[in-house]
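Peer 1: Output the structure for:
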Amino acid sequence: MMLKSVGKSKYITVYVTILVLVLVACSSFLLHPRATRLFFAVSNPTPISPLYYVKITRETFQSYFIFGPIDQALWELTLAQKRIEEVRVLKNNHIIPLAQSQLEIAKKHQDTAHHLIDSLRGKTDSNYLETTYSTNQRMIDELSTSLYVDKK
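Peer 2: A predicted model of the protein is given here:
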């Protein structure tokens, strides 16, 4: 009798996991990257949170469903903004080494976005992307200066 109930709970766990993955896939495919924040209304976890790896996994999975250089550039800029916000939170909590590593990740997203924006110049209107890139870059420069000044 006990084996049957354990077996049923295992199937329920598998069913719930598959259901969550399907919902993530559907929301990532159907919704714009910024709109998925409404669907996944979890407070913005930082690298010190146990939920952070769920957040990163979701972002990675979502990136597989973003097509076209404009949307990819926007997604990379969005990821850079998220890492910049994490850097701010970590810096304010005096977790400087982790903040510096997150800043490096933000820089990588910025570089990827920069290459995508460069490939779009002359082909389409990329003013919004360039403005967002400039804003992100200014924040990265400010954080970089303050993180390395605070370290000394």
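Peer 1: can you give me the helices for the chain?
Peer 2: 2-30, 36-39, 52-63, 69-92, 96-120, 127-151 (DSSP state H).
Peer 1: Now the spatially most central residue of the chain: closest residue in space, sequence neighbours ignored.
Peer 2: Most central in the chain under Cα atoms, centre = their mean is Leu79, positioned 4.1 Å from the mean C-alpha point. In this structure, Leu79 finds its nearest non-sequential neighbour in His109, 4.5 Å apart by Cβ to Cβ, 6 or more residues apart in numbering. C-beta: built from backbone N, CA, C; applies to glycine.
Peer 1: Okay, that neighbour and Tyr15: tell me how far apart.
Peer 2: Noted for His109: a distance of 35 Å to Tyr15, by Cβ to Cβ, to the nearest Å.
Peer 1: Comparing the two, which residue is more hemmed in?
Peer 2: Neighbour totals were compared for His109 and Tyr15, and His109 leads with 21 against 10 (other Cβ atoms under 10 Å).
Peer 1: And the pLDDT for the more buried one?
Peer 2: If you check His109, the pLDDT there is 96.
Peer 1: same deal with Thr46?
Peer 2: 77.
Peer 1: and it, what does it touch?
Peer 2: Tyr52, Glu86, Val89, Leu90 (Cβ atoms under 8 Å, 6 or more residues apart in numbering).
Peer 1: distance of it from Gly68?
Peer 2: 30 Å.
Peer 1: likewise Gly122?
Peer 2: If you go by Cβ to Cβ, the gap between Gly122 and Gly68 works out to 17 Å.
Peer 1: okay, those two: which has more neighbours?
Peer 2: Set side by side, Gly122 and Gly68 show more neighbours around Gly68, with 10 against 7, by other Cβ under 10 Å.
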